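[1] What shape does this take:
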Amino acid sequence: MKFTLEKKDAKSKARAGTIITDHGVIKTPIFMPVGTAGTVKGVHQHELEEDIKAQIILGNTYHLYLRPKLDVLQEVGGLHKFISWDKPILTDSGGYQVYSLSDRRKIKEEGATFSSHIDGSKHLFSPEGVMDIQRIIGADIIMAFDECTPYPCEYKYAKNSMHMTHRWLKRCCERFDTTESLYGYSQTLFPIVQGSTFKDLRVQSAEKIASFNREGNAIGGLSVGEPDDEMYEMCDIVTNILPEDKPRYLMGVGTPINILENIALGIDMFDCVMPTRNARNGMLFTSQGMINIKNKKWENDFSPIDANGTSYVDRLYSKAYLRHLIISKEILGAQIATIHNLAFYLWLVNEAREQILADNFTTWKTKMVKQLSQRL
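    Numbering: from 1, shown residues only. As a prediction, this is how the structure comes out:
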C-alpha cells in the first residue's frame with residue numbers, strides 16, 4: 001500500500017490524499033460503507049460502485065469467521081471473489097465485537113475467549129489467530145487485534161488494557177511479518193491507538209503505535225458513548241503525534257458532523273453503521289439537515305428526497321413515496337433510504353476533499369455543520 005499526501009488545509013489539519021492498493025485507488029478523506037457479513041445491507045455491489053461511489057468497503061473478522069466460515073472463504077479465493085467486489089476491502093479485527101459480547105467473553109493475555117452469538121460454541125481469538133483469519137479473508141487492509149475499552153472507564157483499567165493492546169500488537173506484527181498473503185496481492189496491517197478518554201494514555205499509545213512504523217494507523221475506543229467534545233479532543237491529541245505521511249483511520253465514527261469535525265483534525269478514513277442502520281428506520285441525512293421520513297409532514301411532499309441530488313434515488317423518488325414505502329414496511333423503502341444515506345456520506349467526504357484542494361475547507365465546513373445540524 002502507498003499513501004500520498006496531496007494537500008493540507010491552511011486553517012485546519014484537514015488533508016487530501018491518495019491510497020493505492022492492489023485492488024484500486026482510494027481518494028481521501030473517505031467514508032467506508034460497513035459490510036459486516038460480506039454485504040452492505042440492502043445494497044447490490046454494482047450500486048455501491050456505480051451509484052454510491054464507494055471506493056472501499058468493510059468486512060468483519062468476527063462475523064465472517066463464524067459465518068460463512070473460513071473454509072468457504074479460502075476455497076473460493078477470499079472475500080473479494082466471494083462477494084464479487086473488485087475494489088479494496090478493510091477488515092476490522094473483531095476486537096469491537098468481542099468487546100460488545102461483555103456477557104459471553106473473557107479477556108486474558110493469551111487473547112479473548114467468547115461464545116458465538118449464533119450457536120453458543122466456544123472460540124479463542126488470539127493476536128496470531130486473528131492475523132491468520134484475516135489472511136484467509138483476504139482484505140487489503142487488516143486491523144491489529146486490540147481491546148476496546150468501554151465508556152466510562154476507570155483509569156487503571158484503561159491503562160492496563162492499553163498496554164495489553166500494545167503487547168498484542170507486537171504479536172500481530174510478528175505473525176503478519178512471517179506469513180504471506182494467500183491470494184497473490186498484498187495486505188497491509190494497521191495498528192490501533194487506545195487509551196479511552198485519558199490524555200496521557202492517548203499520548204502514550206499514539207507514540208507507541210507510531211513507533212511500529214506500519215503503513216497506516218487507526219484510532220479506536222471512541223464513539224462508544226463519550227461526548228463529542230471528548231472524542232474531538234482525543235483525536236486532536238493523537239493526530240498531532242501520528243506521522244503525517246501515513247493514513248489515519250478513525251474507527252466507527254460517526255454522524256456527518258462528526259466526520260467533518262474529525263476531517264478538520266487530520267483524519268483520513270471513516271466507517272460507521274449509522275447511515276445504513278438509520279436508513280432502515282426512516283432517518284435520512286441530507287445536505288439540508290436530517291429528515292425523519294415517517295413524519296406525517298412528508299405525506300404529500302412530492303419533492304426529491306434531497307434537492308442536492310447526491311444519488312440517482314434522489315432524482316427518481318419523492319419524499320412522499322419513500323415515506324409510503326417505509327410506513328408500509330416495504331423492503332424497497334429500506335433499499336432506497338440506504339442508497340440515499342450512503343451516497344450522501346460519500347458525497348460529503350468527496351466534497352470535503354474538493355474544498356481542501358480548493359483552499360476553502362474551513363469556510364465550507366462551518367456552513368455545512370450549521371446546515372447538517374438542522375432537523376427538517
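[2] how about the nearest residue to M251 once chain neighbours are set aside, what does it touch?
    The shortest distance from M251 to any residue other than its chain neighbours is 4.8 Å, reached at G220 (C-beta to C-beta, 6 or more residues apart in numbering). All C-beta spots, glycine's among them, are computed from the backbone N, C-alpha and C. When contacts are counted by C-beta atoms under 8 Å, 6 or more residues apart in numbering, G220 touches 95-96, 146, 148, 192-194, 251-252.
[3] closest to H80 among those?
    Distance to H80, by C-beta to C-beta, is smallest for M251 among those, at 21.6 Å.
[4] any idea how far the closest one is from A218?
    Spatial separation of M251 from A218 under the definition C-beta to C-beta, to the nearest Å is 6 Å.
[5] Repeat that for E351.
    To A218, E351 is 24 Å away according to C-beta to C-beta.
[6] which one of the two has more residues nearby?
    A218 (25 against 18; other C-beta atoms under 10 Å).
[7] Which residue of the protein lies farthest from its centroid?
    N300 (35.8 Å; C-alpha atoms, centre = their mean).
[8] For burial, what's the neighbour tally of the closest residue to it other than its chain neighbours?
    With C-beta to C-beta, 6+ apart as the criterion, N300 has its nearest non-adjacent residue at 5.9 Å, and that residue is A320. Per other C-beta under 10 Å, the neighbour tally for A320 reads 15.
[9] Could I get the contacting residues of A320?
    Taking C-beta under 8 Å, 6+ apart as the criterion, A320 is in contact with 298-302.
[10] likewise E6?
    Applying C-beta under 8 Å, 6+ apart, we find E6 in contact with 15-18, 357.
[11] next one: R15
    Contacts of R15 (C-beta under 8 Å, 6+ apart): 5-9, 28-29, 244, 266, 268, 356.
[12] what's around A337, how many residues?
    Residues contacting A337 under the criterion other C-beta under 10 Å number 28.
[13] and K27, backbone torsions?
    For K27, the backbone dihedrals are phi -90, psi 130 (criterion: degrees, to the nearest 10).
[14] ok, it touching A352?
    No. Taking C-beta atoms under 8 Å as the definition, K27 is not a contact partner of A352, at 10.8 Å.
[15] who's more crowded, the two?
    Neighbour comparison, K27 and A352: the larger count goes to A352, with 25 against 14 (by other C-beta under 10 Å).
[16] What number of residues are in the vicinity of K2?
    The number of residues packed near K2 is 10, by other C-beta under 10 Å.
[17] Isn't it up against I19?
    Yes. Under the criterion of C-beta under 8 Å, K2 makes contact with I19 at 7.3 Å.
[18] rewinding a little: out of the contacts of A320, which end up buried?
    When burial is judged by neighbour count using 16 or more other C-beta atoms under 10 Å, the buried members of the contacts of A320 are 298, 301.
[19] now the strands: where do they sit in the stretch 251-376 of the chain?
    For the stretch 251-376 of the chain, the strands defined by DSSP state E, counting those that start in this stretch occupy 269-271, 283-286, 289-292.
[20] now do the stretch 1-150 of the chain
    Using DSSP E, counting those that start in this stretch, the strands found in the stretch 1-150 of the chain span residues 2-8, 15-21, 24-28, 30-32, 57-60, 89-92, 105-108, 111-115, 122-125, 141-143.
[21] tell me which residues of the third one are tucked away?
    Residues of strand 24-28 classed as buried by neighbour count (16+ other C-beta under 10 Å): 26, 28.
[22] Strand 15-21 and that strand, what's the angle between them?
    170 degrees (axes from the mean of the first three to the mean of the last three C-alpha atoms, to 10 degrees).
[23] Give me the angle between strand 24-28 and strand 2-8.
    30 degrees.
[24] can you dump the C-alpha coordinates of strand 24-28 into CSV?
    Written as CSV, here are the backbone C-alpha positions of strand 24-28 (Å, rounded to 0.1, in the frame of the first residue of the first chain):
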residue,chain,number,x,y,z
GLY,A,24,-7.5,0.1,-6.6
VAL,A,25,-7.1,3.7,-5.6
ILE,A,26,-8.8,5.4,-2.6
LYS,A,27,-9.1,9.2,-2.6
THR,A,28,-9.1,10.6,1.0
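[25] List of residues touching that strand?
    15-20, 55-56, 86-88, 247, 268-269, 350, 353.
[26] repeat that for 7 Å
    With C-beta atoms under 7 Å, 6 or more residues apart in numbering as the test, strand 24-28 has contacts from 16-19, 55-56, 87-88, 247, 268-269, 353.
[27] quick one: which two of these are the most distant?
    Distances among these were taken as C-beta to C-beta; the most separated pair is A16 and K87, at 19.5 Å.
[28] which one of those two has more residues nearby?
    For the pair A16 and K87, the greater number of neighbours falls to A16 (23 against 18), based on other C-beta under 10 Å.
[29] ok, the more buried one - contacts?
    Contacts for A16 were tallied using C-beta under 7 Å, 6+ apart; they are 6-7, 28, 353, 356-357.
[30] which one of those residues is nearest L201?
    Of all the contacts of A16, the one with the least separation from L201 (C-beta to C-beta) is T28, at 26.9 Å.
[31] hey, what's the closest one bridged with?
    In this structure, T28 has the following beta-bridge partners (DSSP bridges): G17.
[32] Kindly report the same for the one 4 residues further on.
    Under the criterion DSSP bridges, M32 forms beta bridges with D271.
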